[in-house]
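1. generate a structure from the sequence data that follows.
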Amino acid sequence: MADGYFLDPRRDRANTVYVVSYHTSVGRYAFTYNTFATTGVDNGPLHGLAAGVSGGNGVFRYGGVAFPASSFNSSNYWVDVLFVPTPVP
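-> Below you'll find the predicted structure:
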């Protein structure tokens, strides 16, 4: 079972870098090498940064639950983000 992540437009701020990740205890994941090597990926309003713009992109961590800070070959680990823009009252 994986934990998901979503962005809340009422709480999260524009022009801020967020890490989107998931955790699994069974070690299964999909990846593609070099997705973020030279350019970012845009799917407005979200933008995946190119590697090196704000540290590594395509970060991961093996072992216990902790902040993912390692990267390998600018890989994309295919974690989806659910972003639902709603008006702020």
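2. so where is the protein shaky, pLDDT-wise?
-> 1-13, 83-89 (pLDDT under 70).
3. can you pull up the most central residue in it?
-> Val20 (3.1 Å; C-alpha atoms, centre = their mean).
4. hang on, it packs against Tyr77?
-> No. The criterion here is C-beta atoms under 8 Å, and Val20 misses it with Tyr77 at 9.5 Å. The way it works is simple: take the backbone N, C-alpha and C, and place the C-beta from them, glycine included.
5. check contacts around Gly48.
-> The neighbours of Gly48, taking C-beta atoms under 8 Å, 6 or more residues apart in numbering as the test, are Thr35, Phe36, Gly40, Val41, Asp42, Asn57, Asn76.
6. where's the residue nearest to the centre of the chain, which helix or strand?
-> Taking DSSP states H and E as the definition, one finds Val20 inside no helix or strand.
7. any idea how far it lies from Ala51?
-> Look at Val20 and Ala51: by C-beta to C-beta, to the nearest Å, they are 15 Å apart.
8. got it, and Val41?
-> Val41 sits 11 Å away from Ala51, going by C-beta to C-beta.
9. out of these two, which sits in the busier spot?
-> Set side by side, Val41 and Ala51 show more neighbours around Ala51, with 21 against 13, by other C-beta atoms under 10 Å.
10. wait, isn't the more buried one in contact with Asn73?
-> No. Assessed by C-beta under 8 Å, Ala51 is found out of contact with Asn73, at 9.0 Å.
11. residues that sit against both of the two, list them.
-> In contact with both Ala51 and Asn73: Ala37, Gly58, using C-beta under 8 Å, 6+ apart.
12. if I look at Thr32, how far off is Asn73?
-> According to C-beta to C-beta, Thr32 and Asn73 sit 10 Å apart.
13. now stretch 57-69: buried residues?
-> Asn57, Gly58, Val59, Phe60, Pro68 (16 or more other C-beta atoms under 10 Å).
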